[in-house]
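Trainee: can you look at this prediction? I've put the sequence above it.
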Amino acid sequence: MPIKDNDQEYEKEFESTIRSIQYVADGIMLQGIHDNKVRTEYRNEIKKMSDGFRNEVFAGKMTWQEAAKQASNARNELLKLSRDKTWPIGLSIAKKLKSNGLEFSDLQNKYANKLYKSNSNSLRSQVKMDAVHAKIVIKAGVSNSAVDSRLLVFSKCARGFIAISLAISAYNIWTAENKVNATLKEGSMMAAGFAGSMAGGAAGLTCGPGAVVCVPVGAFIGGFMAAFGVDYFWK
């Protein structure tokens, strides 16, 4: 039974849809891999910073209070630099978990309460204040382990997904009659899926508090439309 033109058109649209989903997923996976690398750099930098200030105190070059104040400022600055490098989906999640770093006075009260069930203004002992400030310095070098582990797992899964996706693309190229054209098409779709997901995700950041929802949705729609357009209209 011959295939009707309408059936062929529907089949083409269906294949374009599936392939577009594949490439927008690739784009999202790439964001996760990139953000895990940024997170690792951030984790290493804050630990190095914290250790440096502790060594300065042990060497008698500064007090615990001075070290704590500088460590607090450095941690917030490193957080900002890290977020400047983070791509849209990861950035929206990071801001949802922690909008900004705490101010020095907030950290003083936080650890005074944890250590002595009091606010920092009520502490009169220099030994206790030193303990609070030492805690600030130490904690300035520690990242959220739950976030670290989840991002690492996602990054590993993302690498596996992309490996499978590349294998599918390689198969499509291998079985194509015009391998040059197929290679260009696969590459263009992957680039479009990634660029579209980045653009859509960036647009979602304008949602403010709702960015954690808007960004993934925007990334998917942007990547899907870009990849679908390339696939559907490719000659």
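Mentor: That came in fine, so what should we check first? Predicted model, so just to flag it, every value in this text is computed and none were measured. Numbering: from 1, shown residues only.
Trainee: near residue 168, how many other residues are there?
Mentor: Residues near residue 168, counting by other Cβ atoms under 10 Å, number 12. C-beta here means a position set from N, CA and C on the backbone, and glycine is covered the same way.
Trainee: then residue 212?
Mentor: Here the count is done by other Cβ under 10 Å, and residue 212 has 17 residues near it.
Trainee: touching, it and residue 96? I think so.
Mentor: Yes - the pair residue 212 and residue 96 passes the contact test of Cβ atoms under 8 Å, sitting 4.2 Å apart.
Trainee: so what's the residue nearest to residue 19 when sequence neighbours are not counted up against?
Mentor: Closest residue to residue 19 apart from its sequence neighbours, by Cβ to Cβ, 6 or more residues apart in numbering: residue 231 at 5.4 Å. Taking Cβ atoms under 8 Å, 6 or more residues apart in numbering as the criterion, residue 231 is in contact with 15, 16, 19, 20, 185, 189.
Trainee: against which helices or strands is the top helix by length along the chain packed?
Mentor: Longest helix in the chain by number of residues, with DSSP state H as the criterion: helix 5-58. In terms of contact count using 3 or more Cβ pairs under 8 Å, 6 or more residues apart in numbering; DSSP states H and E, helix 5-58 is assigned the packing partners helix 64-85, helix 88-97, helix 126-139, helix 145-175, helix 179-204, helix 211-233.
Trainee: among those, which is nearest residue 55?
Mentor: The closest of the helices and strands packed on helix 5-58 to residue 55 is helix 64-85. By Cβ to Cβ, the value is 9.6 Å.
Trainee: what about the closest one, distance to the chain center?
Mentor: Taking Cα atoms, centre = their mean, to the nearest Å, one finds helix 64-85 lying 19 Å from the centre of the chain it belongs to.
Trainee: helix 5-58 and that one, what's the angle between them?
Mentor: Interaxial angle, helix 64-85 versus helix 5-58 (axes from the mean of the first three to the mean of the last three Cα atoms, to 10 degrees): 160 degrees.
Trainee: for helix 64-85, which outside residues touch it?
Mentor: Surrounding helix 64-85, the residues in contact under the criterion Cβ under 8 Å, 6+ apart are 38-39, 41-42, 45-46, 49-50, 53-54, 56-57, 62, 91, 94-95, 100-104, 107-108, 129-130, 132-134, 136-137, 140-141.
Trainee: ok, stretch 160-170 next?
Mentor: Stretch 160-170 is contacted by residues 22, 23, 25, 26, 29, 30, 33, 186, 190 when judged by Cβ under 8 Å, 6+ apart.
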